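Dropping the sequence and predicted coords here.
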Amino acid sequence: MKQVLFSITENIPLTENVYRMTLSGDCSDITAPGQFVNIKLDGLFLRRPISVCDINGDELTIIYKVVGKGTEMMSKMSEGTILDVLTGLGNGYNLSKCGETPVLLGGGVGVPPMYMLAKRLIEQGKRVSVILGFNTKSEIFYEDEFKSLGCDVTVTTVDGSYGIKGFVTDALPSDYSYFCCCGPEPMLKAVFKSTKTSGQFSFEERMGCGFGACMGCSCKTVTGYKRICKDGPVLEKEEILWED
């Protein structure tokens, strides 16, 4: 973990309430797709955890949805604004387990970390399938960006306004070597039940400190309690215990 001052170089809307922010600064502590950063915002006690979408040298890309006071503040920030950011948080995905034909599933704001993961797997010569799930056509983002990487991309919408009508699980291919996913818990539970291979799940959880000190984001696993911010956010399928 490293505390870094980043400068905003871009902050633009991708949909009505989803924004992409690029920042310039030291990204050296971000080593794996699926890690996250924790951003300090003036006047707010808790930092805001945001997943890493991509890094390119000293450029960090994050995508966030405006859901409360903190992200609303972020959406109004202009180029040149300096942000205090904790970087390199979380464990990220283990690429060595993905095999030759992995499928990546992202739902809503669970889509961004799939981009860096897909990019790394493509660089390794893997044949990557990506399934992006949204509620409706107007919420879709990053379909073209995944296609530009060379991924086989499928989009699902709950209302059927674009792509396959239904959920990401309705678009699972018949054959794949492994899966990785990120999204809201109902989606993760459905993926858990629908997949036939091992895989990795990235959990979205409310966090206090973001680095394992407060124990506020603990969850029960087969080996005991784990902290989503420190021991996760990525957990393997075999260790997950779902609570009712």
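Looks like it arrived, so ask away. Because the structure is predicted, anything quoted here is derived from the model rather than measured.

hey, which helix is longest across this structure?
Counting residues, the longest helix found in the chain (DSSP state H) is helix 112-123.

From the contact counts, what lies against that one?
With contacts taken as 3 or more C-beta pairs under 8 Å, 6 or more residues apart in numbering; DSSP states H and E, helix 112-123 sits against strand 48-56, strand 102-107, strand 129-134, helix 143-149, strand 178-183. Every residue, glycine included, has its C-beta placed from N, CA and C.

now do 6 Å
strand 48-56, strand 102-107, helix 143-149 (3 or more C-beta pairs under 6 Å, 6 or more residues apart in numbering; DSSP states H and E).

Export only the CA atoms of the shortest one, formatted as PDB.
What it means is strand 102-107. This file holds the C-alpha atoms of strand 102-107, laid out as PDB (Å, rounded to 0.1, in the frame of the first residue of the first chain):
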ATOM      1  CA  PRO A 102     -11.400 -18.000 -19.600                       C
ATOM      2  CA  VAL A 103     -14.700 -16.200 -19.500                       C
ATOM      3  CA  LEU A 104     -15.000 -12.900 -17.600                       C
ATOM      4  CA  LEU A 105     -18.300 -11.700 -16.300                       C
ATOM      5  CA  GLY A 106     -18.900  -8.100 -15.200                       C
ATOM      6  CA  GLY A 107     -22.200  -6.600 -14.000                       C
END
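
Need the residues that contact that strand.
For strand 102-107, the surrounding residues in contact (C-beta atoms under 6 Å, 6 or more residues apart in numbering) are 114, 118, 128-133, 168, 176-183, 187, 191.

those helices in this protein, which residues are they?
Taking DSSP H to define them, one finds helices in the chain at 69-75, 112-123, 143-149, 185-194.

Of all these, which one is nearest residue 52?
Smallest distance to residue 52 across these (C-beta to C-beta): 6.2 Å, for helix 112-123.

next one: the lengthiest strand in the chain to chain centre, how far?
Secondary structure of the chain per DSSP state E: the longest strand is strand 2-13. From the chain centre to the centre of strand 2-13 is a distance of 17 Å (C-alpha atoms, centre = their mean, to the nearest Å).

Give the buried residues for the helix or strand of the chain with the lowest mean pLDDT.
In the chain, the helix or strand scored least confidently by mean pLDDT, DSSP states H and E is strand 218-221, which has a mean of 78. With burial defined by 16 or more other C-beta atoms under 10 Å, the residues of strand 218-221 counted as buried are 218-219, 221.

Then stretch 79-87?
Neighbour-count burial for stretch 79-87 [16+ other C-beta under 10 Å]: 83, 85-87.

re earlier: quick one: buried ones out of the contacts of strand 102-107?
114, 118, 128-133, 168, 176, 178-183, 187, 191.

related to what we said a few turns ago, which of the buried residues of stretch 79-87 fall within strands?
Short answer: the buried residues of stretch 79-87 in strands (DSSP E) are 83, 85-87.

Quick one: end-to-end distance for stretch 155-167.
From its first residue to its last, stretch 155-167 covers 9 Å (C-alpha to C-alpha, to the nearest Å).

check contacts around the residue nearest the centre of the chain.
Compute the mean C-alpha point of the chain, and by C-alpha atoms, centre = their mean the closest residue is residue 113, 3.2 Å away. Contacts here follow C-beta under 6 Å, 6+ apart; on that basis residue 113 touches 33-34, 51, 182.

From residue 167, how far out is the closest residue to residue 236 other than its chain neighbours?
Excluding its sequence neighbours, the residue lying closest to residue 236 (C-beta to C-beta, 6 or more residues apart in numbering) is residue 200, at 5.7 Å. Counting by C-beta to C-beta, to the nearest Å, the gap from residue 200 to residue 167 is 19 Å.

Between those two, which has more neighbouring residues?
Counting neighbours by other C-beta atoms under 10 Å for residue 200 and for residue 167 shows that residue 200 has the greater number, 24 against 21.
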